[in-house]
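Asker: pasting the structure only:
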């Protein structure tokens with residue numbers, strides 16, 4: 001699975017590309033505040049969105065997307081202050 005988003009400024013329109021479908025499709029909107037500079041990554045078939053900012057607010061929340069149910073679930077937030085432009089990597 002590949003995830004890209006947001007594709008519109010300050011909105012949450014995410015699209016995914018899956019091997020089984022073979023084309024890009026829009027997924028359920030993220031049920032959170034709009035933001036920029038967040039990071040998105042995938043682990044074991046689930047997509048995650050973390051951090052970002054909106055004007056002077058920095059976010060520290062973590063959201064998980066399940067492509068089977070097409071739903072987002074909020075996970076435990078980072079205990080530190082909010083993060084702008086966090087990064088992710090795969091080892």
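Answerer: Yes, it's here. Just so we're clear, the structure is a prediction, and the values are computed from it rather than from any experiment.
Asker: Flag the shaky bits of the chain, pLDDT-wise.
Answerer: Applying pLDDT under 70 to the chain flags the ranges 1-22, 82-91.
Asker: show me where it has strands.
Answerer: Secondary structure of the chain (DSSP state E): strands located at 2-4, 15-17, 24-26, 39-43, 46-50, 53-54, 57-58, 62-66, 71-75.
Asker: With respect to burial, which of those scores highest?
Answerer: Highest mean neighbour count among the strands of the chain (mean count of other Cβ atoms under 10 Å): strand 46-50, with a mean of 20. From N, CA and C alone the C-beta is placed, and that goes for glycine too.
Asker: on contacts alone, who are the packing partners of that one?
Answerer: Helices and strands touching strand 46-50, by 3 or more Cβ pairs under 8 Å, 6 or more residues apart in numbering; DSSP states H and E, are strand 39-43, strand 62-66.
Asker: just the angle between it and strand 39-43, please?
Answerer: Put simply, strand 46-50 runs at 150 degrees to strand 39-43, going by axes from the mean of the first three to the mean of the last three Cα atoms, to 10 degrees.
Asker: tell me the angle strand 46-50 makes with strand 71-75.
Answerer: Angle, strand 46-50 to strand 71-75, by the same axes, to 10 degrees: 50 degrees.
Asker: strands paired with strand 46-50, and their directions?
Answerer: In the sheet, strand 46-50 lines up against strand 39-43 (antiparallel), strand 62-66 (antiparallel) (DSSP bridges).
Asker: which residues sit against the last one?
Answerer: Read it as strand 62-66. Strand 62-66 is contacted from outside by 3, 14, 27-28, 30-32, 46-50, 71-78, using Cβ atoms under 8 Å, 6 or more residues apart in numbering.
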